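Prediction below, plus the sequence it came from.
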Amino acid sequence: MGYRRVRRSHMGRCGSVITLRLRQVWLWMLAIALIAAVIPVAHGQGSLTAFENGNIIDANEVNANFTYLKTLMDAAGVTIDDIDLRLSALEDRLDEEGGVVGPAGKSAYQTWLDAGNTGDEATFLADLKGETGSQGPQGQPGPQGPAGEDGSNGDDAYSVWLAAGNEGTRAAFLNSLVGPQGPQGPQGPQGPAGQDGQDGGNANLGTTKSVQSNGNLNNNHCYLGEIWLTADTYAPPGTMVANGQLLAISEYQWLFPIFGTMYGGNGSTNFALPDLTAATPKPSTGELAYVVCVRGLQPTRP
């Protein structure tokens, strides 16, 4: 007669077979105590031998106790299987430490309410929150991230200007960017007289000081801003090809009052010459160009 039922879940819980066997002995002792307390009272006969701590237990007395219990069990109609089922049910109620599982305790929220507080669970959780601590030291800067992809090329300013509903050439666009021309400053002192030009040789063909012997106009005698067509392969002295280039006001301060920003430029540091490239005749042979007098006589205003 013995209790040999070993549950698989207990094998990993206690770590040793000896601990499981001691647990079984304890359960059997509990069953013996229950049987001894109930069955003799029901039949009014017999008793078990009691063992005290520190005394040597005689095997015959132990066997006598088991024999007596078997007799009582037979009289009561109790079998080993009945006890096994009851012990299994009792064992299922034991927790990991061997104690009986107690009733579920109150939640922290209910305990908080029982203490006299009022509010929902959100209020309860907020009440548990402590004060905000001081800000910690700043961490080390992280590594630099990878460079982003190149953006697509945007439209040039002239295209944006056209898309906004404006019309005109690039020269008109540049003129729209320039502010109004400021008032003309006072006329400066007259410069020193230039040297006389070479004699043209024939007064009937024009003034003797307006044309050099090689046929080029003398830059000392052309008027600032004057434009003419030439077949030279280069701009004569004192002139520039009229292709809309920008000139610095500081270098051409006598020419700027004549053109202003009529053909372009910002009016503060530069201004533009007229662009006559499209108007230049295109002969089948040779090259023609319009040139502008940029260094010459100051024209007299009417």
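Great, that's in hand.

Let me see the domain layout of this protein.
8-92, 214-302 (automatic domain parsing).

averaging pLDDT over each of the ones you listed, which comes out lowest?
Lowest mean pLDDT of these: domain 8-92, a mean of 64.

any idea how far residue 287 is from residue 53?
133 Å (CB to CB, to the nearest Å). (C-beta placed from N, C-alpha, C; glycine too.)

To clarify, my last question referred to residue 137.
Going from residue 137 to residue 53 by CB to CB gives 64 Å.

Likewise for residue 233?
Counting by CB to CB, the gap from residue 233 to residue 53 is 134 Å.

Equivalent analysis for residue 168, please.
Taken as CB to CB, the span from residue 168 to residue 53 is 118 Å.

And those two? Which one has more around it.
residue 168 (13 against 4; other CB atoms under 10 Å).

Look up the closest residue to the more buried one, ignoring the ones flanking it.
Spatial nearest neighbour of residue 168, excluding adjacent residues (CB to CB, 6 or more residues apart in numbering): residue 176 at 7.8 Å.

That neighbour touches residue 164, doesn't it?
No - Residue 176 is beyond contact range of residue 164, at 10.6 Å (criterion: CB atoms under 8 Å).

Look at these two and report which has more neighbours.
residue 176 (10 against 7).

tell me the contacts of that one?
Listed by CB atoms under 8 Å, 6 or more residues apart in numbering, the contact partners of residue 176 are 161, 166, 168.

in which helix or strand would I find the last one?
Meaning residue 168. Taking DSSP states H and E as the definition, one finds residue 168 inside no helix or strand.

Just the CA atoms of stretch 108-116, as PDB, please.
This file holds the C-alpha atoms of stretch 108-116, laid out as PDB (Å, rounded to 0.1, in the frame of the first residue of the first chain):
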ATOM      1  CA  ALA A 108      -4.000  48.100  -6.500                       C
ATOM      2  CA  TYR A 109      -6.800  50.300  -7.800                       C
ATOM      3  CA  GLN A 110      -9.400  48.800  -5.400                       C
ATOM      4  CA  THR A 111      -6.900  49.100  -2.500                       C
ATOM      5  CA  TRP A 112      -6.500  52.800  -3.500                       C
ATOM      6  CA  LEU A 113     -10.300  53.300  -3.500                       C
ATOM      7  CA  ASP A 114     -10.600  51.500  -0.100                       C
ATOM      8  CA  ALA A 115      -8.100  54.000   1.300                       C
ATOM      9  CA  GLY A 116     -10.700  56.800   0.700                       C
END
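
Touching that stretch from outside, list them.
With CB under 8 Å, 6+ apart, stretch 108-116 has contacts from 106, 121, 124, 127.

Mind checking which of those residues land in helices?
121, 124, 127 (DSSP state H).

Please tell me which one of the residues you listed counts the most neighbours.
Neighbour-wise, these (other CB under 10 Å) top out at residue 124, 18 neighbours.

so what's it up against?
So residue 124 contacts 108-109, 112, 117 (CB under 8 Å, 6+ apart).
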